[in-house]
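>>> predicted model and sequence follow; I will ask about them next.
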Amino acid sequence: LVRPLPYPDPERLVWFWEVQPNLPRAPFSAGDFLDFQAQSQSFEQLAAMHRVNFTMTGRGAAERLPGMVVTPNFFTTLGVQPTVGRAFLPNEGAFGAERVALLAYGFWQSRFGGAGDVTHQSIVLDGRPVSIVGVLPANFQYANQRDVQIWVNPVNTVPEVFSASADWERKLSTNHETHYLNLIARLKPGFTVQQAEADVNGIFAALHQKYPATTGHSASIAPLRELSTGPVRQTLLILLAVVGLVLLIACANIANLLLARAVGRMREIAIRSALGAGQLRIVRQLLTESLLLALCGGALGLALAWLLVQLLVAASPQELPRVQEVSVDLPVLAFTFGVSVLTGLLFGMGPALAATGLTVGAVLKEGGRGATSGRGQNRLRNLLVIGEVALSLVLLVGAGLLVRSFARMLEVKPGFNGDGVVTMWMNFTGERYAEQGKSTQLLDQLSPRVAALPGVEGVAASNDLPLEGDDTTTGVSTADGHAPF
């Protein structure tokens, strides 16, 4: 939440989405993107992308490969340079150009053994050869797309509504009904998010007159950081508050122990005072002991962090963005030291002052029966106990509410019974399925054979699974080209 994104001038990077009358967050059409790119005055660069699952063959068994199709300026917009090879060239976004790809660093290591000549090799995606031109840095990750293994230029990857004909670019630029593109941009120096949003919505207002399908559509823009951390910011801040409460409870426990220890040392402190030790000196001694204890605790916690942080990162959910960047570094060391000193001072001051609150004569008079704490010490200990109970009660209530909410979520009926249902993904792309009806023909042949397998009661096919969906919306037009709704 606090580290800047690992790109040059990350505060100038933004992402935006389309707001439709019945869809608050939707992708853009190709026509929208091209109009924004040509008319916008706010962006230094504007790039588009959409997620695709490729089928890789020719390297053992066929493999489903998560990928992204991006415009050639995607990596220059982010300011990312490949570790090996080069980025996309501007002309590699034109129709008819060669298909090329950049590999994720982990995919390069696992499937190509980190070979230095990888840029002289190619792979087969959806039945077509794709030349490898580079490898991305090891720490590169766009938003929360942790599983993306390959990044491909947009040639021959447009939806089927665009034909591979000479007027391809015209059809692409005038299509405002098929929505599948996510957009990012780098603002020009001096421009704000609000100015860019007003700029884009001004373009949308003009499009409403030319393309009725865009009527009622608008755009929302946010800093790119929000794309990564926005969905989890509130959760992580709540977690931080809970950890802070646990720390306060631990500090209150130790403060009680220090207070009891200081009360037990009243006779020792009285003798030191009688020998000439001033109140400030006694407080300084007790604070030194408290700080030493706090620093030792901080050092132990830091040692545990070194051992456990890798395990926690490895066990983290895929949806947690930038989690691979979590590490014990200089800011963590400084934070640990600061918290240790602060807790040592804050929770050592009370026992130190309580230990010097009684007069020497009163302590020595009680010496035969053992030193006892006065009203001030009892009041402080009572306050600490009350604080512990209050903080523990807050944590207990919060945990109870979270468990109750989780239980209710498990009881929500989604409208279908998923018990015993298994799913599989099939990718109908490439030249083999370019002919209309080929994919339907394959499903017609495959479904009866799957239904005949032992234990199978029924078979069905769908574009998307329930509760999953995708990032594509397709408009419907009448014969004369107008949108009926």
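Here it is on my side, so go on.
>>> and the most centrally placed residue in the chain, its phi and psi?
Centroid-nearest residue in the chain: residue 321, 2.1 Å away (criterion: Cα atoms, centre = their mean). With angles defined as degrees, to the nearest 10, residue 321 sits at phi -70, psi 150.
>>> roughly how far apart are residue 420 and residue 442?
25 Å (Cβ to Cβ, to the nearest Å). To be clear about C-beta, it is placed using only N, CA and C from the backbone, and glycine gets the same treatment.
>>> between those two, tell me which one has more neighbours.
Between residue 420 and residue 442, counted using other Cβ atoms under 10 Å, the more crowded position is residue 442 (14 against 7).
>>> so that one, which state does it fall into?
Using DSSP: H, G, I helix; E, B strand; the rest coil, the structure places residue 442 in helix.
>>> pLDDT at it, what is it?
For residue 442, the pLDDT comes out at 87.
>>> just to revisit the earlier point, quick one: pLDDT of the residue nearest to the centre of the chain?
pLDDT, residue 321: 72.
>>> isn't it right up against residue 145?
No. Using Cβ atoms under 8 Å, residue 321 is not in contact with residue 145, being 9.3 Å away.
>>> what residues does the host helix or strand of residue 109 touch?
Using DSSP states H and E, residue 109 sits in helix 105-112. The contact list for helix 105-112 (Cβ atoms under 8 Å, 6 or more residues apart in numbering) reads 59, 83-84, 103, 114-115, 118, 121, 135-138, 140, 149-150.
>>> in it, what's buried?
Buried residues in helix 105-112, defined by neighbour count with 16 or more other Cβ atoms under 10 Å: 105, 107-108, 111-112.
>>> how far does that helix sit from its chain's centre?
23 Å (Cα atoms, centre = their mean, to the nearest Å).
>>> and the helix or strand that comes right after it, what does it pack against?
As assigned by DSSP H and E, the chain's next helix or strand after helix 105-112 is strand 122-125. Here strand 122-125 touches strand 43-57, strand 128-135, strand 150-152, going by 3 or more Cβ pairs under 8 Å, 6 or more residues apart in numbering; DSSP states H and E.
>>> can I get the CA coordinates of the following helix or strand past the longest one in CSV?
This means strand 43-57. For strand 43-57, the following helix or strand on the C-terminal side (DSSP H and E) is strand 63-70. Extracted in CSV, the C-alpha atoms of strand 63-70 (Å, rounded to 0.1, in the frame of the first residue of the first chain):
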residue,chain,number,x,y,z
GLU,A,63,-0.9,-26.7,-22.6
ARG,A,64,-3.3,-23.9,-21.8
LEU,A,65,-1.2,-20.7,-21.5
PRO,A,66,-2.5,-17.6,-19.8
GLY,A,67,-1.6,-14.6,-21.9
MET,A,68,-2.2,-10.9,-22.6
VAL,A,69,-2.7,-9.3,-26.0
VAL,A,70,-1.3,-5.7,-25.8
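>>> for the next helix or strand after strand 63-70, list the C-alpha coordinates in CSV.
Toward the C-terminus, strand 63-70 is succeeded by helix 74-78 as the next helix or strand (DSSP H and E). The C-alpha coordinates for helix 74-78 follow below in CSV (Å, rounded to 0.1, in the frame of the first residue of the first chain):
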residue,chain,number,x,y,z
PHE,A,74,2.1,-1.1,-23.7
PHE,A,75,5.5,-1.6,-22.2
THR,A,76,6.8,1.9,-23.3
THR,A,77,3.7,3.4,-21.6
LEU,A,78,4.7,1.6,-18.4
